[in-house]
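one predicted model, sequence on top.
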Amino acid sequence: MLDPTARDIKYLPGVGEQRAALLNRELNIYSLHDLLYYFPYKYVDRSRIFNVSEIDGRMPHIQLCGEIRSFEEVGEGASRRLVAHFTDGTGFVDLVWFRGIKFIKGKYKLGVRYVVFGKPTIFNGRANIAHPDIDPADTLQLSEMGLQPYYNTTDRMKRSGLNSQAMAKLVSNLLAMLPDAMPETLSDGILQRYKLMPLVRALKIIHFPSNINELRHAEYRLKFEELFYIQLGILNYSKDRKRKYAGYNFSKVGDIFNRFYSEKLPFELTGAQKRVVREIRHDVNRSTQMNRLVQGDVGSGKTLVALLAMLLAKDNGYQACMMAPTEILAEQHFSTLRRMLAGLPVRVELLTGSTKQKERVPLLAALLSGEIDILVSTHAVLEDNVNFTRLGLVVIDEQHRFGVVQRAKMWTKSHIPAHVLVMTATPIPRTLAMTLYGDLDVSVIDELPPGRKPITTRHIFRNNIGEVYSFIEKQLREGRQAYVVYPLITESEKIDLKNLEEGYTHLCNIFCDYKIGKLHGKMKPKEKDAEMQRFASGETQILVSTTVIEVGVDVPNSTIMVIENAERFGLSQLHQLRGRVGRGANQSYCILVTDYKLSDDTRKRMEIMTGTNDGFEIAEADLKLRGPGDIEGTQQSGIAFDLKIANITKDEQLLHFVRDIAREIVENDPDCNRDENRVLWRRLDEIKRRNNRNWGAIS
Ligand code: ADP
Ligand code: MG
């Protein structure tokens, strides 16, 4: 059956070409379906009439029924206004208009009963309502009024008369022509078992509920469906992947792994690291492809876990590749691995976008012949001419910087898709992980290496920056190093770079006895690398930088992280930056510098940062503060993440509930062909097609 709501929005009565263009551009509404799923953001109860005597200035709005006794025009110029003295017998209230005075005076008659709705205010002891909604009382059936929907509209829409009320009118036109036979999107079995109302009814109610109870039921049905299909999609995909791809079997823990473990490992693994390595060993020894996410807070030692996994690959005759999101990080991993593996027969090489052709040619040849065991790389490895002979394991560091598209691309680099280990230091709350990475198994490194002192975090206003400088000076005298980070929202913004340059010059004047380095994304890779090396070796003591050092960078002697304009960073980014210090034995400090005037949101972020060092706590707080759509990684995740009604944080319980239901269906109907589930599989296909369209539009 053709979906009747697939039609272009311009054909809806009341829309037409012009409004359609506006709806397209402003709200992404293209079809009847899009409008149908454009839900109100709030409802106002208009089922109750209040008495004038009940008016309280703190009420958000009030509805009254009575008559206008007299009109009066008062004031001059801009404050000229029309006042209507309105009463219901229990008292008087002034209805006030600053515009359209003539029109209003002609429209409303004295002595006629009207229902009046608006926000009351008390001014000089008198109650008044400015620009109220007024309807003749006899045309309004109170019982039909129920809860009034409010729709978000943009300024541009409002200027063209497409305000919330006009949107409600369009939706009501749409609902009037909506056939009751519109295809149901959940199966009968599910509707009955979980007592869900039919789709069409839920859609009607969500726009025009007559009472709260009914509204809650409709919301539940729609949230259920939204979360259910996300989970069904993920779990079904995961099942397909496991069925389709056998995995390489790394059955032995061999010579090199053991030699590294006993001879080279500079410290004892933490309990959490040991556990995760065990989980990985279990995964790669089952003949199915591993797809595992390792979540570990900054500094928890993920690199070492990755290294051990790569040695397992080597011991079983396979190559491994480690991908990092920035060249700086790739360089750092490369030198760490080389250093740690020195003396072992493991060949490690580096390939990035700036690898010269002269080195690249033999490097690619050695990769293809199997002489290279571990390749450290960036996105550069995704290019078609980079080929392995036996790629058995792909490690993706800082997973949130890569999308599923890139992950999938790596699968084409070997005969059987390689095992995949993705690592993230931006811990993702469990609920979000379930939704985003439902296809991945998750390991958690929930323990920091011993001896780490918690980082002390302070929030300082710019006018106290002098104290910060003397503190840095003191630390430098003790031989420590410091980062000073400036925001750079996009690499092309000149103005941001100017901040960095000015900050650099300023610091050079203040710390004239010390050497200061400078690092930003506009520099050539070679220069960046050299600058980073100078800092790592202690040749420079302060590194003034943009967020290019955000992820992964590891210089244990650096104990101070100053973040300028901290208000311009999100929580997870602040936490990542803070993670650049506290990596050695010395007490470390993170100093967040902001202007004096702060928004509530920023104040909250600063409080969270100074209150905890726990990445998981911060991630939860971030999710609550910003909503899932903004969390790093969700955009690139490939799952169109614009939830229309469900909320990952608030509806966590429901999420778990529907996940179990979806899992049962996938397990009982692995070939997607059981009659009772036909509706579900068809709907899932539809959703996928729609999301592909969206995905195509983004990339
Ligand atoms: P991240 O998880 O943020 O990637 P790294 O892998 O960069 O963390 O490790 C941070 C630092 O901790 C490195 O200097 C590393 O050598 C060190 N480290 C890792 N594991 C241990 C351990 N078990 N004991 C002591 N230090 C460790
Ligand atoms: Mg790391």
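Alright, I've got the coordinates. Ligands and ions are numbered 1, 2, ... in the order given.

please count neighbours and contacts with C-alpha atoms only from this point.
Noted.

where's stretch 448-456 relative to the chain centroid, distance-wise?
Here stretch 448-456 is found 28 Å from its chain centre; the criterion is Cα atoms, centre = their mean, to the nearest Å.

do stretch 523-540 as well
32 Å.

do the same with stretch 416-429
Distance, stretch centre to chain centre, for stretch 416-429: 17 Å (Cα atoms, centre = their mean).

show residues contacting stretch 284-291.
Defining contact as Cα atoms under 8 Å, 6 or more residues apart in numbering, one finds that stretch 284-291 is touched by 242, 245-251, 280, 283, 417-422, 439-441.

now with 7 Å, please.
Contact partners of stretch 284-291, identified using Cα atoms under 7 Å, 6 or more residues apart in numbering, comprise 242, 245-251, 283, 418-421, 440-441.

cool, stretch 653-671 as well?
With Cα under 7 Å, 6+ apart, stretch 653-671 has contacts from 224, 227-228, 231-232, 235-236.

out of these, who's near ligand 1?
Here nothing survives when the contacts of stretch 653-671 are matched to ligand 1 using Cα under 6 Å from any ligand atom.

next, format the residues you listed as a markdown table and append pLDDT and distance to residue 34.
Shown next, in a markdown table, are the contacts of stretch 653-671 (pLDDT from 0 to 100; distance: Cα to Cα, whole Å):
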| residue | pLDDT | distance to residue 34 |
| --- | --- | --- |
| 224 | 97 | 19 |
| 227 | 91 | 18 |
| 228 | 95 | 20 |
| 231 | 88 | 22 |
| 232 | 92 | 22 |
| 235 | 86 | 26 |
| 236 | 88 | 26 |
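
narrow the residues you listed to just the buried residues.
With neighbours counted by 16 or more other Cα atoms under 10 Å, the contacts of stretch 653-671 contain buried members at 224, 227-228, 231-232, 235-236.

helices - which of the residues you listed land there?
Using DSSP state H, the subset of the buried ones among the contacts of stretch 653-671 located in helices is 224, 227-228, 231-232, 235-236.

my read: residue 388 touches residue 368, true?
Yes: the criterion here is Cα atoms under 7 Å, and residue 388 meets it with residue 368 at 4.7 Å.

which one of those two is surrounded by more residues?
residue 388 (25 against 16; other Cα atoms under 10 Å).

how near is that one to residue 313?
13 Å (Cα to Cα, to the nearest Å).

assumed residue 189 was part of a helix.
Yes: assessed with DSSP: H, G, I helix; E, B strand; the rest coil, residue 189 lies in a helix.

assign the nearest residue to it once chain neighbours are set aside to helix, strand or coil.
Residue nearest to residue 189 in three dimensions, not counting chain neighbours: residue 676, with 7.2 Å by Cα to Cα, 6 or more residues apart in numbering. Three-state assignment for residue 676 (three-state DSSP): helix.

what's the pLDDT at residue 676?
pLDDT for residue 676: 95.

show me the contacts for residue 589.
Counted by Cα under 7 Å, 6+ apart, residue 589 has contacts 455-457, 559-561.

swap the cut-off to 10 Å and go again
454-458, 472, 482, 558-562, 578, 581-582 (Cα atoms under 10 Å, 6 or more residues apart in numbering).

same check, this time on residue 386
Contacts of residue 386 (Cα under 10 Å, 6+ apart): 351, 360, 363-365, 367-368, 380, 413.

and those, which two are furthest apart?
Spanning the widest gap among the contacts of residue 386 are 360 and 413, at 17.8 Å by Cα to Cα.

picking that back up, what do residue 388 and residue 313 both touch?
319-320, 373.

spell out which parts of the chain neighbour ligand 1.
Within the chain, the positions lying close to ligand 1 (Cα under 6 Å from any ligand atom) are 267-270, 296, 298-304, 449, 552, 554, 583.

residue 110 and residue 98: what is the separation?
Residue 110 is 19 Å from residue 98, by Cα to Cα.

next one: residue 377
Distance from residue 377 to residue 98, by Cα to Cα: 66 Å.

same check on residue 317?
81 Å.

likewise residue 573?
Counting by Cα to Cα, the gap from residue 573 to residue 98 is 47 Å.

these two: which is more packed in?
Set side by side, residue 573 and residue 98 show more neighbours around residue 573, with 17 against 13, by other Cα under 10 Å.

name the helix or strand for that one, please.
Element membership for residue 573 (DSSP states H and E) is helix 571-578.
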